[in-house]
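K.L.:
okay, predicted coordinates and the sequence, questions at the end:
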Amino acid sequence: MRKFFMVAFIISIVNKSAGQLNEDIFSFNYSLAPIGNDDIDFSKVDFGISIPVKLKEGLLINSFKADFYSLNYGTSYSFSTTDISKFNGLNYGLKYIYPLSNTWKLNAQVIAALVSNSLSHISYNDLFVGGDVSVTKLLSTNDTSESLTLGVNYTTITGEPRFLPTINYAKQVNDKLSYGIGFPKTYVVYKLSELGTLKSLLSLDGFYSNLSTPISVNLTDQASKASFSSTSLALEYDYEMDDNWGILLRGGYSFTNKYTLLDSGDNKIFDFNTVSKPIFSAGIKFNIKKANKK
């Protein structure tokens, strides 16, 4: 069997510190894992919108995200891959940030997602409800650039729904350098100039989709879900075109990947034997904070 690579199912802008609101109100990305020894190529288009609302106490953030994945299989399998050549995800998130004190913040989020290989046959099996709860401690009352976030997250980034810890220590070292160490993301950000920023990112991402029509993998087994997880290291360049709009280019390497088909009980019935491979993506974003300064 030719080996398959698929990465960057979830591409997003890196937050500058845990517990902080992502300043990008709009983002659009195109991702590509070109065909190689695995004989399968993968591309993805995604866009997201975040709408923050200031409350009397705290901040409420509505977010919408759509993901469209396309896979081309160059190798024939014992079953048809027609129904697993495209996947679609529609996500809505509601996040609340509440200041417990001058140095403590409570972060709570609920996410509802419809993920399926066919938007024309949506059912309750396509629905996933997740979320996270965490607290952020600002480590200095006079300098909020250093923080520690601890919490728990119910997510599919490992390829199946499960509870995972949220841990992040973030620090703004100076005007140019900041970093975050933790799970599921670790990053370093360096400001090259007033317009350009370089980021390195180690992250874990995942994908868990319902199959509207089960696929007969063999005479006895039927696949009802698709599962993917990836750990990748990437380098990203962000360029600010003006006060509001920016573009990004990202290249990296995914060094652990797992792509499988599951039955209705989430038992693995087929493994695509994924391998490591380079990744590439490009995108555009709109920055709400700078827009408000105008």
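P.N.:
It's in.

K.L.:
only C-alpha atoms from now on, for both contacts and neighbour counts.
P.N.:
Fine.

K.L.:
quick one: the strands in the stretch 101-250 of the chain?
P.N.:
104-116, 127-138, 146-155, 162-172, 177-183, 185-191, 196-216, 222-240, 245-262 (DSSP state E, counting those that start in this stretch).

K.L.:
can I get those strands in JSON lines including distance to residue 285, mean neighbour count and mean pLDDT?
P.N.:
Listed next are the strands of the stretch 101-250 of the chain as JSON lines, based on distance: least, Cα to Cα, whole Å; neighbours: other Cα atoms under 10 Å; pLDDT from 0 to 100:
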{"stretch": "strand 104-116", "distance to residue 285": "22", "mean neighbour count": "20", "mean pLDDT": "95"}
{"stretch": "strand 127-138", "distance to residue 285": "24", "mean neighbour count": "19", "mean pLDDT": "95"}
{"stretch": "strand 146-155", "distance to residue 285": "25", "mean neighbour count": "19", "mean pLDDT": "95"}
{"stretch": "strand 162-172", "distance to residue 285": "22", "mean neighbour count": "18", "mean pLDDT": "94"}
{"stretch": "strand 177-183", "distance to residue 285": "20", "mean neighbour count": "19", "mean pLDDT": "94"}
{"stretch": "strand 185-191", "distance to residue 285": "17", "mean neighbour count": "20", "mean pLDDT": "95"}
{"stretch": "strand 196-216", "distance to residue 285": "14", "mean neighbour count": "20", "mean pLDDT": "91"}
{"stretch": "strand 222-240", "distance to residue 285": "9", "mean neighbour count": "21", "mean pLDDT": "92"}
{"stretch": "strand 245-262", "distance to residue 285": "5", "mean neighbour count": "20", "mean pLDDT": "90"}
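
K.L.:
where does the stretch 1-150 of the chain dip in pLDDT?
P.N.:
1-24, 35-38, 141-144 (pLDDT under 70).

K.L.:
what sits against the nearest residue to residue 284 once chain neighbours are set aside?
P.N.:
For residue 284, the nearest residue in space outside its immediate sequence neighbours is residue 247; the separation is 4.3 Å by Cα to Cα, 6 or more residues apart in numbering. Neighbouring residues of residue 247 by Cα atoms under 8 Å, 6 or more residues apart in numbering: 238-241, 282-285.

K.L.:
using a markdown table, lay out those together with distance to residue 55.
P.N.:
A markdown table is the format used below for the contacts of residue 247 (distance: Cα to Cα, whole Å):
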| residue | distance to residue 55 |
| --- | --- |
| 238 | 31 |
| 239 | 32 |
| 240 | 30 |
| 241 | 32 |
| 282 | 34 |
| 283 | 31 |
| 284 | 29 |
| 285 | 25 |
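
K.L.:
which one of those is nearest residue 217?
P.N.:
Set against residue 217, the nearest of those by Cα to Cα is residue 282 (35.1 Å).

K.L.:
neighbours of that closest one, how many?
P.N.:
19 (other Cα atoms under 10 Å).

K.L.:
residue 237 contacts residue 252, correct?
P.N.:
No: look at residue 237 against residue 252 with Cα atoms under 8 Å: they stay out of range, at 11.6 Å.

K.L.:
find the nearest non-adjacent residue to residue 154, please.
P.N.:
residue 163 (4.4 Å).

K.L.:
distance of that neighbour from residue 98?
P.N.:
23 Å (Cα to Cα, to the nearest Å).

K.L.:
re earlier: from residue 90, how far out is the residue nearest to residue 154?
P.N.:
21 Å.

K.L.:
sorry, back to before: out of the contacts of residue 247, who's nearest residue 260?
P.N.:
The nearest one, if we look at these relative to residue 260 and count by Cα to Cα, is residue 282, at 26.9 Å.

K.L.:
so the closest one makes contact with residue 27?
P.N.:
No: in this structure, residue 282 is not within contact of residue 27 by Cα under 8 Å, at 10.7 Å.

K.L.:
list the beta-bridge partners for residue 146.
P.N.:
Here residue 146 sits in beta bridges with residue 171, going by DSSP bridges.

K.L.:
check contacts around it.
P.N.:
Here residue 146 is in contact with 138-140, 169-172 (criterion: Cα under 8 Å, 6+ apart).

K.L.:
likewise for residue 91?
P.N.:
Applying Cα under 8 Å, 6+ apart, the residues contacting residue 91 are 64-66, 111-114.

K.L.:
in a strand, it, correct?
P.N.:
Yes: Residue 91: assigned to a strand according to DSSP: H, G, I helix; E, B strand; the rest coil.

K.L.:
can you verify my assumption that residue 201 contacts residue 190?
P.N.:
No: counting by Cα under 8 Å, residue 201 sits too far from residue 190 to count as a contact (11.8 Å).

K.L.:
alpha carbons of stretch 54-69, as PDB, please.
P.N.:
Coordinates of the C-alpha atoms in stretch 54-69 are reproduced here as PDB (Å, rounded to 0.1, in the frame of the first residue of the first chain):
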ATOM      1  CA  LYS A  54     -17.900  43.600  25.500                       C
ATOM      2  CA  LEU A  55     -20.100  43.000  28.500                       C
ATOM      3  CA  LYS A  56     -20.500  44.800  31.800                       C
ATOM      4  CA  GLU A  57     -18.200  42.200  33.300                       C
ATOM      5  CA  GLY A  58     -16.100  40.200  30.900                       C
ATOM      6  CA  LEU A  59     -15.900  39.500  27.200                       C
ATOM      7  CA  LEU A  60     -18.100  37.300  25.000                       C
ATOM      8  CA  ILE A  61     -16.700  36.000  21.700                       C
ATOM      9  CA  ASN A  62     -18.800  34.500  18.900                       C
ATOM     10  CA  SER A  63     -16.800  32.600  16.300                       C
ATOM     11  CA  PHE A  64     -17.700  30.900  13.100                       C
ATOM     12  CA  LYS A  65     -15.400  28.600  11.000                       C
ATOM     13  CA  ALA A  66     -15.900  26.600   7.800                       C
ATOM     14  CA  ASP A  67     -13.400  24.000   6.500                       C
ATOM     15  CA  PHE A  68     -13.500  22.400   3.100                       C
ATOM     16  CA  TYR A  69     -11.100  19.500   2.500                       C
END
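
K.L.:
perfect, I'm done here.
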